[in-house]
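**Student:** Give the three-dimensional model of this entry:
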Amino acid sequence: MRIHVFSDLHLEFGAIDFAPQVRAGELAELVLLAGDIDVKRRAPDWAAATFTQRVAMIGGVEYERIDDDGFHVRIDGKTEVLPVDTIVICAGQEPNRALHDELVAAGLAPKLIGGADVAAELDAKRAIDQGTRLAATL
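**Tutor:** All right, here's what the predicted structure looks like:
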């Protein structure tokens, strides 16, 4: 299963124009929206109008790890494993290359996008665009 994880979109600062492939569900079967999506509580209507695939909106999500079993997340204190084979994560606003370095050391070839690549400013649109383009190549 392919999942798009979008975290802390903060739509109150402006609309995000997702690529048509993302909106149509061509790149992922599920969209996971976590963190702060919109302070005005418009997120459910926005998600229904934006995506054609299944959407899960989950608060209190912590990303734990990715391993052969899948994507381990903690939701309200309970660990769950999402069985996925490809993950593109656009989350956070500070550069953190620790996971990248661990994956390189393990012989993998991860790609850096968004703030992990260049943390110049709060730029969710750029990170989402990079994530979408990367997902399309996988």
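**Student:** Okay, now the unreliable bits of this protein?
**Tutor:** 88-94, 119-124 (pLDDT under 70).
**Student:** ranges for the helices of it?
**Tutor:** In the chain, the helices defined using DSSP state H lie at 20-23, 43-50, 98-105, 114-117, 124-137.
**Student:** Of those helices, which is nearest S7?
**Tutor:** helix 124-137 (9.5 Å; CB to CB). For glycine as for every other residue, the C-beta is placed from the backbone atoms N, C-alpha and C.
**Student:** Using CSV, write out every CA atom in that closest one.
**Tutor:** In CSV, the C-alpha atoms belonging to helix 124-137 read as follows (Å, rounded to 0.1, in the frame of the first residue of the first chain):
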residue,chain,number,x,y,z
ALA,A,124,5.2,23.6,2.8
LYS,A,125,4.3,24.1,-0.9
ARG,A,126,7.8,23.4,-2.0
ALA,A,127,8.2,20.4,0.2
ILE,A,128,4.9,18.9,-1.0
ASP,A,129,5.8,19.6,-4.6
GLN,A,130,9.1,17.8,-4.1
GLY,A,131,7.5,14.9,-2.3
THR,A,132,4.9,14.5,-5.1
ARG,A,133,7.5,14.6,-7.8
LEU,A,134,9.6,12.0,-6.0
ALA,A,135,6.6,9.8,-5.3
ALA,A,136,5.8,9.8,-9.0
THR,A,137,9.2,8.4,-9.8
